[in-house]
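Colleague: The sequence isn't on hand, but the structure is:
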């Protein structure tokens with residue numbers, strides 16, 4: 001069947017709809033695309049209606065993130081009058097995970113829901129879909145890379161600061177202020193060079209360092225790992241980060257850089273372990289160097305503040321050695337293990353592994369390695385939380401509260417916060 005295409009001529013007439021996932025990053029990505037001449041809208045519709053729409057068109061045994069993404073798209077279309085002038089954008093990794101089939105599920109859902117004319121664009125680096133209508137220019141690549149850098153940086157510092165702020169709301173205001181400033185820079189094609197990124201990162205670090213924080217009492221430090229959508233999307237994890245903050249805990253979610261590095265390093269491991277793709281190996285090494293320069297700026301900027309920086313990814317990836325092989329790369333694969341190890345080592349020994357129910361990679365690389373991680377780090381306090389249409393929020397939050405109660409018992413009254 002010939003599906004409708006998004007052509008270059010539609011850039012001025014059609015709005016690209018993008019499902020929500022990372023709030024800070026998605027706002028920056030949205031403005032990066034707008035600054036390149038596209039009409040873009042990140043979806044924010046949530047609630048039970050989204051799940052119900054997803055269940056109409058996606059079998060509940062299918063990956064929960066697929067159900068939510070498709071449900072959010074269909075629900076958004078049901079509440080629009082300009083459905084003939086919209087395009088749906090999804091990302092695909094091209095791996096063995098069911099996520100590579102999202103686009104086919106979405107197209108079938110659109111036909112059943114009465115929107116067969118709505119084009120779907122796949123954003124991927126795996127040659128899954130061609131002729132998407134998106135013109136990938138060097139300037140756009142720089143904007144996306146800069147948006148990811150700023151997004152990770154702001155998310156990290158926000159999570160470090162907001163649980164200790166003296167004046168409630170200061171961290172959110174500062175984060176919004178910088179998102180607005182960076183979006184203006186994107187519109188003017190500024191803030192993209194390495195020197196500009198360095199300048200902005202050090203300014204952001206300085207502003208967060210000057211927030212008034214109460215560090216007199218230590219709070220449970222909780223890391224969140226898991227399947228990429230459930231880990232990041234409030235729609236998928238029932239606003240897990242906000243719940244942790246409401247429970248007087250500090251939440252830490254590893255940045256998007258880790259997942260991108262993981263995908264790129266897998267091109268190298270494909271050659272080293274399986275003997276395939278030597279050209280991809282050298283391209284991967286070039287991209288890694290490009291990203292490492294920006295990662296280095298983030299860490300150096302944080303080192304000028306009171307906050308403890310994340311590890312360099314080249315260090316993080318080695319933490320999975322002895323626990324899980326780098327050849328295990330379906331879904332989040334060895335990254336899931338490496339991130340848990342990193343979180344424990346930087347002080348977040350309390351970890352929530354958020355996963356869709358029945359997600360095989362997460363059950364193997366998350367649940368399957370918990371015993372080994374606890375053997376290496378006996379104080380690690382790890383809990384796996386499943387998310388799917390039938391899982392109740394009360395049950396999930398009660399299990400998290402039990403984990404938090406153990407975390408609070410391990411804190412002495414005299415302990416001061418170390419952020």
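Modeller: Sure thing, it's come through. Computed from a predicted structure; not experimentally measured.

Colleague: Now do the SS call for residue 222.
Modeller: Using DSSP: H, G, I helix; E, B strand; the rest coil, the structure places residue 222 in strand.

Colleague: Report the contact partners of residue 139.
Modeller: Counting by CB atoms under 8 Å, 6 or more residues apart in numbering, residue 139 makes contact with 36, 189, 192. Yep, even glycine has a C-beta here, placed from its N, CA and C like the rest.

Colleague: what residue ranges in the stretch 1-150 of the chain score low on pLDDT?
Modeller: For the stretch 1-150 of the chain, applying pLDDT under 70 flags the ranges 1, 93-100, 124-135.

Colleague: Among the contacts of residue 139, which lie within strands?
Modeller: Among the contacts of residue 139, no member falls in strands (criterion: DSSP state E).

Colleague: Could I get those residues in a markdown table, plus columns for neighbour count?
Modeller: Converted to a markdown table, those look like this (neighbours: other CB atoms under 10 Å):
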| residue | neighbour count |
| --- | --- |
| 36 | 20 |
| 189 | 13 |
| 192 | 21 |
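
Colleague: In TSV, list those along with distance to residue 45.
Modeller: Shown next, in TSV, are those (distance: CB to CB, whole Å):
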residue	distance to residue 45
36	25
189	31
192	31
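
Colleague: Closest one of those residues to residue 390?
Modeller: Proximity of those to residue 390 (CB to CB) peaks at residue 36, which lies at 41.3 Å.

Colleague: For the closest residue to the closest one other than its chain neighbours, give me its contacts.
Modeller: Leaving aside its chain neighbours, residue 36 sits nearest to residue 140 (4.9 Å; criterion: CB to CB, 6 or more residues apart in numbering). Residue 140 sits next to 32-33, 36 when contact means CB under 8 Å, 6+ apart.

Colleague: could you redo the last one with a cut-off of 10 Å?
Modeller: Residue 140 is in contact with 32-33, 35-38, 134, counting by CB atoms under 10 Å, 6 or more residues apart in numbering.

Colleague: name the element it belongs to?
Modeller: Using DSSP states H and E, residue 140 sits within helix 138-161.

Colleague: Likewise for residue 351?
Modeller: strand 350-356.

Colleague: do residue 384 as well
Modeller: In the assignment (DSSP H and E), residue 384 maps to strand 381-387.

Colleague: That strand versus strand 350-356: what angle between them?
Modeller: Orientation check (axes from the mean of the first three to the mean of the last three CA atoms, to 10 degrees): strand 381-387 against strand 350-356 gives 20 degrees.

Colleague: partners of strand 381-387 in the sheet?
Modeller: In the sheet, strand 381-387 lines up against strand 350-356 (parallel) (DSSP bridges).

Colleague: Tell me how far the strand it pairs with lies from the chain's centre.
Modeller: Centroid displacement of strand 350-356 relative to its chain, using CA atoms, centre = their mean, to the nearest Å, is 14 Å.

Colleague: Next: stretch 149-156.
Modeller: For stretch 149-156, the separation from the chain centroid amounts to 11 Å (computed by CA atoms, centre = their mean).

Colleague: Relative to residue 214, how far out is residue 170?
Modeller: Distance of residue 170 to residue 214, computed by CB to CB, to the nearest Å: 12 Å.
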